[in-house]
Structure formats: C-alpha cells, structure tokens
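Novice: Just to be clear, the model below is a prediction. Sequence and coordinates:
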Amino acid sequence: MRGLLGVALVAAALAPAVGFYLPGVAPTDYTKGTVLNAKVEALTSVRTQLPYEYYILPFCNKGVNMESQEALNLGEVLRGSRIYDTPYTFKLGYDETCKVLCRRSYDKADVQAFVLMIEEEYRSHFLLDNLPTAMSVFHETDDGETTKAYETGYPLGFVNIPVDEEGEEVAKEKLTDTPKIFLFNHLRFTILYHEDPNRHGIRIVGFEVEPFSVKHKYMNQVDWKQCLNKMAGQGGNCNLLTCSKDKEVNLSAEPMLLNPDKKDPTEVIWTYDVHYKPSPIRWSTRWDAYLQSADDAQVHWFSILNSFMIVLFLSGLVAMIMVRTLRRDFQRYEQQDFLEEGQEETGWKLVHGDVFRPPVMAGWLSVLTGTGVQLAVSSFILMVFACFGFLSPANRGALMQAALFLFVFMGMFGGYTSARLFRMFKGNRWKSNGLWTAMLYPGTVFCIFFVLNLLIWGQKSSGAVPFGTLFALLCMWLGISTPLVLAGAYFGFRKQPIEHPVRTNQIPRQVPQTPWFVDAPLNIIVGGVLPFGAVFVEVFYVLSSIWLHQFYYLFGFLFLVLLILLLTCAEITIVMVYFQLCCEDYHWWWRSFLTSGCCSIYLFIYSIYYAFSKLHMARSVAFAVYMGYMLIISSSFFLITGSIGFLCTLLFVRKIYAAIKID
C-alpha cells in the first residue's frame, strides 16, 4: 500500500501543473458578435525590474475610467500588478482592419517619456478572457521540426542600432550617430477560438499580437473624435493612406520615428487590426503554449539526472560509513574489556562525555532552526499544492499569496521546534525564545522589504506596495504568526526535555589540534558545494521565471530537485560531522547548521553572476532591488538547508552514541 502511494505521489510530482483550474477561473462561453474589451496590466522590463502603470505614458484613454481598477489579490499587489480597462474593443467573430483608436499630439516631454521606456525595453501586457497577449516565437528542433511558443507582451518600440560585419550590434560608444528610436503604434491582434459542437458557445484559447511601427498619413481634414474604434475609410470617414478597412498595414511603410530633441509636437495615430482564427486547442490546455518551450523538458531531465548522480554518490559514501566504518568502530569498542590497562579509547567514542554539551549561543541556534522548520514545512505544502495544480498561472498572484499565508499559519511548527531544542539546551526562558523565533526572521525581511519599497516608491513605480498593504502584512505577522509561534513554543516547552543517550561531563574536555582537512572554515565551504551543485540548473530556471517575467509551471521537477537538495544537505553534513568527531572535536552543533546552510552563499554568488550575464540592468535602483530580494531568498534558503542538516545530524549522533556501551 505504501509503495502504491509513493508511486502515485511521484507521478503527481512529475506531471506539469496544467489543465487544472480552481473555481473562479472557469471557462466563459461567448456568442458571435459579443463585444469584448481588452484590459491591460503594468508595463514591465527585465532591465529595470520596476513595473509601471500602463497609463503613466500618454496612451489613448478615451472612454476609460482612470479611477477604476480591477480588484487584485495580495500576491498581485506585491508583484506590482495594476489592471485597467482600455479602449480596445473586439466584436467576436468579425475581422476588422485598420481600426482607429485615437490621434494624439505629443510634446517634447511626452516623446522623451516614450523614448526612455523604449530604450529600457519596456513591454505592454494586454489581457483578454484572462489570457495575456503574446508574440509568437518559433523554434527549430534538432529533427528539423518547427515548434511554436509564446513570448508574453510586446515591446513599446525598438531602437535601430547598426550591426557590424559579423552581425553583432555596434557598441554605443562606437556609434557616430544617435540610434533611431521607433514607436509601435499599430497592433495586429489574432484571437484564437475553439467552438465545441456539444456546447453552443465560443471559447477563447489564444490572444496573439504583432506590433508595427507606421507613420500614418492622411489627405483631408479628419474629425478624429468621430473615428474612435472605427475602421479607416468606413462610411467615407477617417481615410488613411497607409491602411484602410480593405487594406492592411504594409511592412514597407514608413515607421513612426520618435525624436526626443524635436521641439515641435509629434503626431501619432494609434490603430489596430483584429483577426479571428478557429483553433483545435481546448480551453483546458490553452495555457500550454504560454508555458512550454522547445528544450525545457530535456534540460530539466538532465538537471534531475545530474542531481540524482550526486545524491547516489553521497548515499554510497554515507552507507559505507554506516555499514563498514561504524560497524568496525562498534566491534572495537565492544572489545574494551580486553584492552590492556592504561590503553586509552580513540575516535568518536572518546568524546562521549562532551558530544552533547550545549554549544555557545544555544538559544540562537534553536531560534534559527525553528524558523528554518517553519519555512521548510510551508515550502513543502506549497510545492504539494503547486504540483496538483492549485496554483495555476491563470490565477495571477496565487503563488506569492499562498506562500505568505502558509508561512504565517505554519508558525506553530517553528515555535514548537525552537522550544524543544531550547529546553534540550537547558534553557528556561521559553517566552523570550518564542518571541525571538517570531520576530527575528520576519522582522529582518520586513525591514529589508520596507527599505526596498521606499526605493521603488521613489521611482514612482507601481511595484511600490501601498501603505495599507504594508499594514495588512504587519497585522498578519503580529496578529496571526506571532501568537501561533508562541502557542507552539508553549506546547513544545511543556513536553519532557529530550534525553541524551550519554551523560555530559561537568568539566569540558580539551579539543586536540585537528588536521587541516577537518578545519571548520574549509569543511563549511566545501560542504555547501555539493548541495548547490545538485540544484544549480533548476536555480537558473527559477531565477528566469522571477526576473525575466516568464511563467514557471514545472513544479514537479522543482519538487523532486528540492527533495534531492534536502537529502544531499543531510548526507554531506553527517559525513563532515562524523570526520570531526573522529578527530575528537565535539563542537559540532553550529558546524552542522553552517555546513549545509553554506550552499545559500553559493546561491547568492550565482545570483550576482546571473544579474550581470542575463539582466543588464539599466538603473542602480533596479540592481539594489534585485540584490535585496536575492538576499531575502538566500537567507531563507540558508535557514531551510541549515535546519535540515542540523536536525538530521542530531538524529545521527544520537543513534551512534545510543548504540555503544559507556562505563
């Protein structure tokens, strides 16, 4: 029965979280001729990591209530999402060409605002039927087949930078002329729909966009107020020379050039096309094109195989220690009665009277371990929910919101673990210990987050969390998490203290000089290499999903990699502590925590390399925000891996000393 359950869990973990939706994101059936209104999210850029509201730029907004926003959940607010209505309207099932949105005349400041956003590679993100707009990207596989994937959003424009003979862009410092900047003012939308004969409605399964830069021209005087959402040339009005209701925009048309130094107003005419295509894609699988790319699965399987080989090596090493070395140790220690008088014990048995001596700053060790357990339990539950599809990308912000609520409500586990360890270390001020467990990590994270929020607010970005939301986070922390941590500490301290298998001597034993390969700094640094090596491939994909605004849905792979990570942390820490005890060094408490937690340092160093190699940030504030958030992520990683390594090592040490006879 247990074997069948294990197979079911592994199969669920391997399955990507697609095609499963919670109530509230059920399909909507439309009829032909239904008028659809597109919504728009915040403008985003991988070069600044600072989202901005769509209407911070002077786009067309006639008929839009600028005071009205779509209700957002906590996760959407924290990620800087702001959703507004737009004047883009679509009549379902009817193709429309060259619809005039508006004509705007921009002064020098407006043009410079557009130019800055284009240079910083900002993208716009429309929404239709809860689907984000996307540009089609085609990949060619090794077999010569072409696969289609999506790149969410579309750029506001492009910078025309010359290329050299090798096809590489010329560096800015080598340019003789200022690069030309063009604005995408014409959008061609393609709406994919699926019509099921068993149902009498139409379901939208795709929302594609293709941007164009066109300098529209017209001959006669046009009443632009009467042209809103009307096709050019319809009824003899709004005549454009560049396109009409019977003529699409030509790729060879003169592009819309923006000159930031021009003093005269710049006229921009905004237009769009709408085309409809039937699609065999069903509504339940319409997110697949957004989520999947050409080679992700193969690379992820390579990551799993790489991690598995590391764990297999470590498992063999630990098994060798337990089966051969420990058995030989036990046999030698059982022959103590036959030793000649005056012959001393050697190895890890010699420190049996000091191995469970409470370490320095034992209270802090219990606090950090309790917080790590709280993070580990909440992360485990989060991964289980994600693997079973409860955190679908259709429900924006659900992952971050679930992570916050799970951490808050798992406070009892953190308080209980901290109090149990604190009492084992002969501590008696459990209330103080519980308060430190409830305050230290959340307080540090909140302070870093508050400072970063001030920096984002100074940039007038929509990513700045409102003070009302900050107050709500404070209430969750102080009103829910802290009482739960204290309740867990109360129940943990009331239980009988953990009894050690051997007594501790009153006088501490002097630690002899250890070989260089058992020194604490070297062991800690080396101990973090293998755990990070087991997950670094997956780290790349996770960082890309966070900072390159990509969807991440392979939670099954991530769940398996995290399990491998925790197993690796436990095994490498046990090996290092065993070698340390064999050298008669009994100060293993903190070293066991730091050895497995050291992989977070490699994570932080890798994140710095990732920032310089992939992001190319354009603002110093963006880099500060990136480093601040990566510091929070690395600290959380440190607490989780450190606490797992410490608890597994504690169990190992208790087992081996319980198996020997002490006079």
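Specialist: Structure received.

Novice: pretty sure F158 is in a strand, no?
Specialist: Yes. Assessed with DSSP: H, G, I helix; E, B strand; the rest coil, F158 lies in a strand.

Novice: how close does it get to P179?
Specialist: Distance of F158 to P179, computed by C-beta to C-beta, to the nearest Å: 10 Å. (Glycine included, C-beta is placed from N, CA and C.)

Novice: Ok, R282 next?
Specialist: 45 Å.

Novice: Give me the residue at the spatial middle of the chain.
Specialist: I546 (4.2 Å; C-alpha atoms, centre = their mean).

Novice: Now do the same for it: helix, strand or coil?
Specialist: I546 is classified as helix under three-state DSSP.

Novice: What's the per-residue pLDDT of it here?
Specialist: Looking at I546, its pLDDT stands at 88.

Novice: what sits against it?
Specialist: Listed by C-beta atoms under 8 Å, 6 or more residues apart in numbering, the contact set of I546 is empty.

Novice: Likewise for K180?
Specialist: V159, N160, L257.

Novice: Do a quick rundown of the strands in the stretch 101-250 of the chain.
Specialist: 123-124, 126-128, 131-132, 134-140, 146-152, 154-155, 157-160, 180-183, 186-195, 202-212, 230-231 (DSSP state E, counting those that start in this stretch).

Novice: Relative to V621, which of those strands is closest?
Specialist: strand 123-124 (19.2 Å; C-beta to C-beta).

Novice: Tell me the helices and strands packed up against that closest one.
Specialist: Using 3 or more C-beta pairs under 8 Å, 6 or more residues apart in numbering; DSSP states H and E, the elements in contact with strand 123-124 are strand 154-155.

Novice: Quick check: can you name the pairing partners of the strand it packs on and their directions?
Specialist: In the sheet, strand 154-155 lines up against strand 123-124 (antiparallel) (DSSP bridges).

Novice: more crowded one of F158 and P179?
Specialist: F158 (18 against 14; other C-beta atoms under 10 Å).

Novice: Now do the more buried one against N259, distance only.
Specialist: Remark: distance between F158 and N259 (C-beta to C-beta) = 15 Å.

Novice: repeat for I524
Specialist: 58 Å.

Novice: out of these two, which sits in the busier spot?
Specialist: Each of I524 and N259 has its neighbours counted (other C-beta under 10 Å); I524 has more, 20 against 15.

Novice: quick one: N61 from L228, how far?
Specialist: Taking C-beta to C-beta, one finds N61 at 11 Å from L228.

Novice: Now list whatever residues contact both of the two.
Specialist: P87.

Novice: Could you report the neighbour count for the residue nearest to L522 when sequence neighbours are not counted?
Specialist: In space, and not counting its chain neighbours, L522 is closest to W516: 7.2 Å by C-beta to C-beta, 6 or more residues apart in numbering. Neighbour count of W516, defined by other C-beta under 10 Å: 7.

Novice: W516 and F612: what is the separation?
Specialist: Where F612 is concerned, W516 sits at a distance of 34 Å (C-beta to C-beta).

Novice: now swap in R282 and tell me
Specialist: 43 Å.

Novice: Looking at the two, which one has more neighbours?
Specialist: Counted by other C-beta under 10 Å, R282 and F612 do not tie: R282 has more neighbours, with 14 against 10.

Novice: what sits against L43?
Specialist: P51, Y52, E53, Y54, I56, L57, M117, Y122, R123, S124, H125, L156.

Novice: repeat that for 7 Å
Specialist: P51, Y52, Y54, M117, Y122, R123, S124 (C-beta atoms under 7 Å, 6 or more residues apart in numbering).

Novice: Show me what stretch 121-128 is in contact with.
Specialist: For stretch 121-128, using C-beta under 7 Å, 6+ apart, the contacting residues are 36, 38-41, 43-47, 54, 83, 132-133, 152-156, 204, 207.

Novice: what helices or strands is the biggest helix by length in the chain leaning on?
Specialist: As assigned by DSSP state H, the longest helix anywhere in the chain is helix 620-658. Secondary structure elements in contact with helix 620-658, counted by 3 or more C-beta pairs under 7 Å, 6 or more residues apart in numbering; DSSP states H and E, are helix 362-387, helix 430-458, helix 555-582, helix 589-597, helix 599-610.

Novice: Distance from the chain centre to the longest one, please.
Specialist: Here the centre of helix 430-458 is set off from its chain's centre by 20 Å, with C-alpha atoms, centre = their mean, to the nearest Å.

Novice: And the helices in the stretch 151-300 of the chain?
Specialist: 288-291, 296-320 (DSSP state H, counting those that start in this stretch).

Novice: Could you tell me the least trusted of these?
Specialist: Minimum mean pLDDT among these: helix 296-320, a mean of 71.

Novice: How far off centre is that one?
Specialist: Using C-alpha atoms, centre = their mean, the distance between the centre of helix 296-320 and that of its chain works out at 23 Å.
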